[in-house]
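J.: sequence and predicted structure below; questions after.
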2 protein chains.
Amino acid sequence: MHTNTANERVRIFCPATIANVSCGFDVLGVALAGVGDHMLISRSTKKGIRITKITGQDLPLDPHENVAGVAALALLDHLNSNAGFEIEIYKKIKAGSGIGSSAASSAGAVWGINYLLGSPLSPQQLIPFAMEGERLASGVAHADNVAPALLGGFTLVRSSNPLDVVCLPSPSELYATVIHPQIEIKTADSRRILKTNISLTDGIKQWGNLGALVAGLFKEDYPLIGRSLEDVIVEPVRSILIPGFDLIKKAALDAGALGCGISGSGPSVFAFSKGAEKAKEVATAIQAAYTPLDIPFELHLSKINPQGVCLEKA
Amino acid sequence: MHTNTANERVRIFCPATIANVSCGFDVLGVALAGVGDHMLISRSTKKGIRITKITGQDLPLDPHENVAGVAALALLDHLNSNAGFEIEIYKKIKAGSGIGSSAASSAGAVWGINYLLGSPLSPQQLIPFAMEGERLASGVAHADNVAPALLGGFTLVRSSNPLDVVCLPSPSELYATVIHPQIEIKTADSRRILKTNISLTDGIKQWGNLGALVAGLFKEDYPLIGRSLEDVIVEPVRSILIPGFDLIKKAALDAGALGCGISGSGPSVFAFSKGAEKAKEVATAIQAAYTPLDIPFELHLSKINPQGVCLEKA
């Protein structure tokens, strides 16, 4: 771990993330390269955390009510640090989009402060503090989004308690197309509609698919990744909350996407493709299919981000 | 695929296999190097299959009632072949042991005949015919054991219908210690006691563990393999049928095994260790723990078999 005592401020990119990823409900996540927030974190002579600016979203500046602030304070508390920091947040990821808006801010805050303190902790070690931001956002301190946001690529949360996060490889030609229909689904609501019990048969299908997806990532076997992107448990229930989900999925698969599913708890829907060209075709197909619904939407197209939160070029 | 028309007979080793492998219920299997049957398969001028000799077990010679015969006939039928073969089976794996006795015979029969016919099919393509042997043995044409028996190493059955089998790597220092308590558990019985439904929470734990186990095999990360060898769904129920299961597991883990679980539907119990030395210590510990129970048992110690069914050295 190198020391950056000379740095007084850091400008960082905080990636959007897709959690669950079809068969990986509650365990899998992946970071995006082309979608994310920006943060500027500066050392201050005043102890503690101050959020001095937020653009792009209407979010509280009080650090105890802001996920970045809560995560940052948890880190400083753990380090028993008397240091002080000012945070500026430039939100690009919309809150409630299902692509890890709160995770980007939480992960960015702890990553930036750790960097300015000379990197006393590894990105893996930062995860629990970023999770505190998630606890504020959704009531559950889950790592599905903050783990890929901090570590990059695909991550698998084998266990939350004790925390055990496994880094998986990111096939170099894998691209994500994400559509964000501008409707609101509360994470709490989308949790509530899940069934408490599942059939053993469905469970076997799900873990067979997840095991195969992990193998596909290691082998860079794109057809296998595609065959494994199947969710027999959560998607059939949650997709009901996303108007036009079936249209999006059909359009994506017909256009040659490897697979398509709900990003996090929605409403965003992701499709994976092999290669940027195909991902673009998939975006065009989704756009054509969704436009008639008269629901405003945003489309993102992104390579997988192998790195996680990172310094921005000056 | 090379042609072996010159060969009139083939002597093969048919490995024992561990199915399920803790968190991989109904999808995972692994082949063993040090435990298995032997078969001698010869071309015959008489069309069809004749089983001319079986040693080590009291099994039917009628090919329609013998798993090797049924598998062989299914293959010949598919190939529309007029060829004839005589099969001698030297059983070392006890029927009902839970380490793939029927799978070894089924896989061996189709592998040997395919070899003598000049290898028209790949080992992957042979799986469905070997599965017909499993259908005779247990009523279910599952691939958990025949896939690793034919392909070697660890295999994951992503889907049975359509069949989709994924080969996983075999870490070079991974060893299995297997104890076979000489009691009878019928596969049908051990299926019957399984619950039809599981909690979503347990499902998440299981697929988190399976995903991590697959990653551990690719990374050769032995501690990760160990942490992932946890079965929260089937083991708590089935282990009740295996007297002394908890004793075996405690002895294995205390002796430093990476993990320990039920092999197939039992009664055999396997433990994985890093290195032959450790696997031997684990065997000693299991033996010491189990001897007071006054239940006869066999102990096997084996490296993982990366190859599956293979020619025996002359």
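T.: Thanks, I have the structure now. Keep in mind the model is a prediction, meaning the values are calculated, not measured.

J.: and A:Leu311, bridged to which residues?
T.: On the basis of DSSP bridges, A:Leu311 is bridged to A:Ile12.

J.: wait, it touches A:Val10, no?
T.: Yes: in this structure, A:Leu311 is within contact of A:Val10 by Cβ atoms under 8 Å, at 6.6 Å. All C-beta spots, glycine's among them, are computed from the backbone N, C-alpha and C.

J.: of those two, which one has the most company?
T.: Legend: neighbour count by other Cβ atoms under 10 Å in any protein chain shown for A:Leu311 and A:Val10, higher for A:Val10 (21 against 13).

J.: helix/strand/coil for that one?
T.: At A:Val10 the chain is in strand, as set by DSSP: H, G, I helix; E, B strand; the rest coil.

J.: same question for the one 4 residues further on.
T.: State at A:Cys14, reduced to three classes by three-state DSSP: strand.

J.: run through the residues that contact it.
T.: Applying Cβ atoms under 8 Å, 6 or more residues apart in numbering or on different chains to A:Cys14 gives the contacts A:36-39, A:104-105, A:107-108, A:111, A:149, A:309.

J.: by neighbours, which of these wins?
T.: The residue in the contacts of A:Cys14 with the most neighbours, by other Cβ under 10 Å, is A:Ala107 (38 neighbours).

J.: please report how far A:Asp221 lies from A:Gly56.
T.: Using Cβ to Cβ, to the nearest Å, A:Asp221 is found at 38 Å from A:Gly56.

J.: and A:Pro123, by the same measure?
T.: Distance, A:Pro123 to A:Gly56, by Cβ to Cβ: 25 Å.

J.: could you do A:Glu312 as well?
T.: With the distance defined as Cβ to Cβ, A:Glu312 ends up 16 Å from A:Gly56.

J.: before we move on, back to that, identify the contacts common to A:Leu311 and A:Val10.
T.: A:Tyr115.

J.: and the contacts of the helix or strand of chain A with the lowest mean pLDDT?
T.: Least confident element among the helices and strands of chain A, by mean pLDDT, DSSP states H and E: helix A:187-192 (a mean of 76). Residues from elsewhere that reach helix A:187-192 (Cβ under 8 Å, 6+ apart): A:137-139, A:238, A:241, A:264-266.

J.: among those residues, which are located in strands?
T.: Nothing among the contacts of helix A:187-192 maps onto strands, per DSSP state E.

J.: ok, so of these, who is nearest chain B?
T.: Proximity of the contacts of helix A:187-192 to chain B (Cβ to the nearest Cβ) peaks at A:Arg238, which lies at 12.7 Å.

J.: now do the same for A:His180: helix, strand or coil?
T.: Here A:His180 is recorded as strand under three-state DSSP.

J.: and the gap between it and A:Ser302?
T.: Separation of A:His180 from A:Ser302 (Cβ to Cβ) stands at 12 Å.

J.: near chain B, which residues of chain A? Just list them.
T.: Taking Cβ under 8 Å from any Cβ of the partner chain as the criterion, the neighbours of chain B within chain A are A:23-28, A:156-159, A:164, A:166, A:168, A:194-200, A:203-216, A:218, A:224, A:227-228, A:233.

J.: TSV for the contacts of helix A:187-192, including neighbour count?
T.: Formatted as TSV, the contacts of helix A:187-192 follow (neighbours: other Cβ atoms under 10 Å in any protein chain shown):
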residue	neighbour count
A:Ala137	23
A:Ser138	19
A:Gly139	11
A:Arg238	25
A:Leu241	17
A:Gly264	27
A:Ser265	25
A:Gly266	24
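
J.: hey, where'd the strands end up in chain A?
T.: Under the criterion DSSP E, chain A contains strands at A:9-19, A:28-44, A:48-55, A:84-90, A:154-160, A:163-168, A:174-181, A:197-199, A:259-262, A:269-274, A:297-303, A:310-311.

J.: how about the contacts made by the closest residue to A:Asp221 other than its chain neighbours?
T.: Excluding the flanking residues, the one nearest A:Asp221 by Cβ to Cβ, 6 or more residues apart in numbering or on different chains is A:Ala215, at 7.4 Å. When contacts are counted by Cβ under 8 Å, 6+ apart, A:Ala215 touches A:221, A:224, B:156, B:166, B:168, B:214, B:218.

J.: PyMOL command for the buried members of those?
T.: Written as a PyMOL command, the selection of buried residues from those, which uses 16 or more other Cβ atoms under 10 Å in any protein chain shown, is:
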select buried, (chain A and resi 221+224) or (chain B and resi 156+166+168+214+218)
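
J.: and the least confident helix or strand of chain A, how far from the chain's centre?
T.: 17 Å (Cα atoms, centre = their mean, to the nearest Å).

J.: so A:Leu229 touches A:Leu210, yeah?
T.: No: applying Cβ under 8 Å, one finds A:Leu229 not in contact with A:Leu210, separated by 10.2 Å.

J.: what sits in contact with each of those two?
T.: A:Cys23.

J.: between these two, who's got more neighbours?
T.: Between A:Leu229 and A:Leu210, counting by other Cβ under 10 Å, A:Leu210 is the more crowded of the two (32 against 24).

J.: mind exporting the C-alpha coordinates of stretch A:163-180 to CSV?
T.: The C-alpha trace of stretch A:163-180 is given here as CSV (Å, rounded to 0.1, in the frame of the first residue of the first chain):
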residue,chain,number,x,y,z
LEU,A,163,-18.4,-10.9,5.1
ASP,A,164,-16.8,-13.1,2.4
VAL,A,165,-16.5,-11.5,-1.1
VAL,A,166,-15.0,-13.3,-4.0
CYS,A,167,-13.7,-11.5,-7.1
LEU,A,168,-14.6,-13.1,-10.4
PRO,A,169,-13.1,-12.3,-13.8
SER,A,170,-14.7,-9.9,-16.3
PRO,A,171,-14.7,-11.3,-19.9
SER,A,172,-13.1,-8.6,-22.0
GLU,A,173,-15.8,-8.4,-24.7
LEU,A,174,-18.7,-8.3,-22.3
TYR,A,175,-20.9,-5.2,-22.6
ALA,A,176,-24.1,-4.2,-20.8
THR,A,177,-27.0,-2.3,-22.2
VAL,A,178,-29.2,-0.9,-19.5
ILE,A,179,-32.6,0.7,-19.8
HIS,A,180,-34.0,2.7,-17.0
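
J.: buried residues of it, list them for me.
T.: Applying 16+ other Cβ under 10 Å to stretch A:163-180 flags A:163-171, A:174-180 as buried.
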